[in-house]
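A.B. asks: Build me a structure from this.
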Amino acid sequence: MNVLLPQVHYFSSIGLLKLLRQLSNLSIRIVGCSSLEKGMANGSMLVDKYYVSPDLKEKEQYVRFLQKLCVKEKIDFLISSDEEELKLIKKNEYLLNCRTIIPDLQIISLFTDKLLATNELGEIGVTVPTIYTDLCSIDLNQNSKIIFRQKRSFGSQGIWIADLKDKYIPNHFSNQNFIQEFIDGEEYTVDIFCDRHGILKVCIPRKRLDIRNGITYKCKIEKHMAIIETCKVIYSHFKIPGFSNVQFRVKDSVPYFIELNPRFAGTGIASSLASFNVMLLYINHFYKNQQLESYDFYMNAVAWDSIITRFYEETIYPKKKETFYKQP
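C.D. replies: Coordinates of the predicted model:
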């Protein structure tokens with residue numbers, strides 16, 4: 001079985017790669033690509049075959065590249081972990097001679113529009129941070145900070161936390177952003193897996209204990225029932241097959257929806273480490289067409305309260321030359 005992982009310099013792609021490597025009995029060959037040269041992309045030394053791709057912004061060239069690569073390497077399954085790429089592939093998947101699991105374009109577009117997504121989630125009963133139309137509507141007795149968010153963005157990009165004492169705040173208004181209440185609470189990411197019909201099968205909240213440059217380096221797998229029940233509400237309204245993740249901030253035991261990303265999370269591997277290899281479900285269900293067990297079956301396999309810590313692994317390219325020096 002040949003699997004293509006684009007953007008192998010992403011943490012999410014590295015997580016998927018590691019999970020695929022654990023499925024040794026399935027004889028999976030992993031092809032990776034990225035716009036970075038070999039050795040510069042984190043995962044380029046970890047795949048079986050690596051290609052340098054055009055930049056994702058060069059849409060027509062990028063699609064032609066994927067089309068040729070899928071034929072050349074006889075790709076069976078393409079797994080993307082980038083929202084912009086997901087949209088591009090969804091529009092052109094008829095050109096690719098392989099299987100992909102991607103939500104409808106309307107779903108991807110909705111959740112990349114952070115303002116629209118927040119409003120829609122609020123309408124279905126999910127608690128969301130207050131959205132302010134102007135600074136005059138903010139209760140200064142209740143708030144010391146606010147958040148400026150880009151209306152359209154991928155992941156947690158385009159977020160700026162502002163102190164209300166900053167006299168230059170009005171200068172940050174634009175047509176591209178909006179103002180949101182700052183929720184001073186604990187951060188959670190929920191790793192989600194749904195079947196081909198978008199029915200929830202796995203819902204594992206992770207409390208983010210150590211965050212560096214937006215990536216979780218230490219987390220706790222926590223059975224937070226308020227978050228889980230909120231996710232059930234969300235996924236009963238939106239059908240998102242395969243991987244996705246939802247972010248919350250929890251204040252006074254109330255989970256506030258921050259965003260949903262229709263892809264594998266940057267630290268999504270943590271949930272598999274504390275339960276089972278979710279890639280096995282993915283391959284068996286979406287590629288081999290096997291039926292899945294119940295939601296309760298999978299949730300009972302989670303080792304709740306586990307602590308997962310990320311650490312670095314180094315690679316070198318090209319390989320080090322032999323040296324005359326020998327250690328005594």
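A.B. asks: In this structure C203 contacts T230, no?
C.D. replies: No: at 9.8 Å, C203 does not count as touching T230 under the criterion of CB atoms under 8 Å. For the C-beta atoms, the positions are set from N, CA and C on the backbone; glycine is no exception.
A.B. asks: residues contacting the residue positioned nearest the centre of the chain?
C.D. replies: For the chain, the residue lying nearest the average C-alpha position, counting by CA atoms, centre = their mean, turns out to be A265 (2.9 Å). Contact analysis of A265 by CB atoms under 8 Å, 6 or more residues apart in numbering lists 12, 15, 189, 191, 243, 245.
A.B. asks: Pairing partners for the residue nearest to it when sequence neighbours are not counted in the sheet, please.
C.D. replies: In space, and not counting its chain neighbours, A265 is closest to N245: 3.8 Å by CB to CB, 6 or more residues apart in numbering. Bridge pairing for N245 (DSSP bridges) gives the partners D191, N261.
A.B. asks: Surely N245 is in contact with R263?
C.D. replies: Yes: using CB under 8 Å, N245 is in contact with R263, at 7.3 Å.
A.B. asks: More neighbours: the two, which one.
C.D. replies: Taking other CB atoms under 10 Å, N245 and R263 do not tie; R263 has more neighbours (27 against 23).
A.B. asks: give me the number of residues near the nearest residue to the more buried one once chain neighbours are set aside?
C.D. replies: Leaving aside its chain neighbours, R263 sits nearest to S81 (4.8 Å; criterion: CB to CB, 6+ apart). S81 has 24 neighbouring residues, counting by other CB under 10 Å.
A.B. asks: Return the alpha-carbon coordinates of stretch 232-242 using CSV.
C.D. replies: C-alpha atoms of stretch 232-242 as CSV (Å, rounded to 0.1, in the frame of the first residue of the first chain):
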residue,chain,number,x,y,z
LYS,A,232,-21.3,15.7,20.5
VAL,A,233,-23.5,18.7,19.8
ILE,A,234,-21.1,20.1,17.2
TYR,A,235,-20.7,16.8,15.3
SER,A,236,-24.4,16.1,15.3
HIS,A,237,-24.8,19.2,13.1
PHE,A,238,-21.6,19.0,11.0
LYS,A,239,-20.6,15.8,9.2
ILE,A,240,-16.8,15.7,9.1
PRO,A,241,-15.4,12.2,8.1
GLY,A,242,-12.0,11.2,9.2
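A.B. asks: on that earlier part again, check contacts around the residue nearest to A265.
C.D. replies: Counted by CB under 8 Å, 6+ apart, N245 has contacts 189-192, 260-261, 263-265, 268.
A.B. asks: wait, what's in contact with I211?
C.D. replies: 187, 217.
A.B. asks: and it, that one's in a strand?
C.D. replies: Yes: membership of I211 in a strand is supported by DSSP: H, G, I helix; E, B strand; the rest coil.
A.B. asks: Would you mind naming the residues that bridge with it?
C.D. replies: The partner residues for I211, given DSSP bridges, come to T216.
A.B. asks: any idea how far it is from K218?
C.D. replies: 9 Å (CB to CB, to the nearest Å).
A.B. asks: follow-up on the earlier one: weed out the non-buried ones from the contacts of A265.
C.D. replies: Using 16 or more other CB atoms under 10 Å as the burial test, the contacts of A265 include 12, 15, 189, 191, 243, 245 as buried.
A.B. asks: Make a markdown table out of the residues you listed and add distance to N300 and pLDDT.
C.D. replies: A markdown table is the format used below for those (distance: CB to CB, whole Å; pLDDT from 0 to 100):
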| residue | distance to N300 | pLDDT |
| --- | --- | --- |
| S12 | 26 | 94 |
| G15 | 23 | 95 |
| T189 | 21 | 97 |
| D191 | 16 | 98 |
| F243 | 21 | 98 |
| N245 | 21 | 97 |
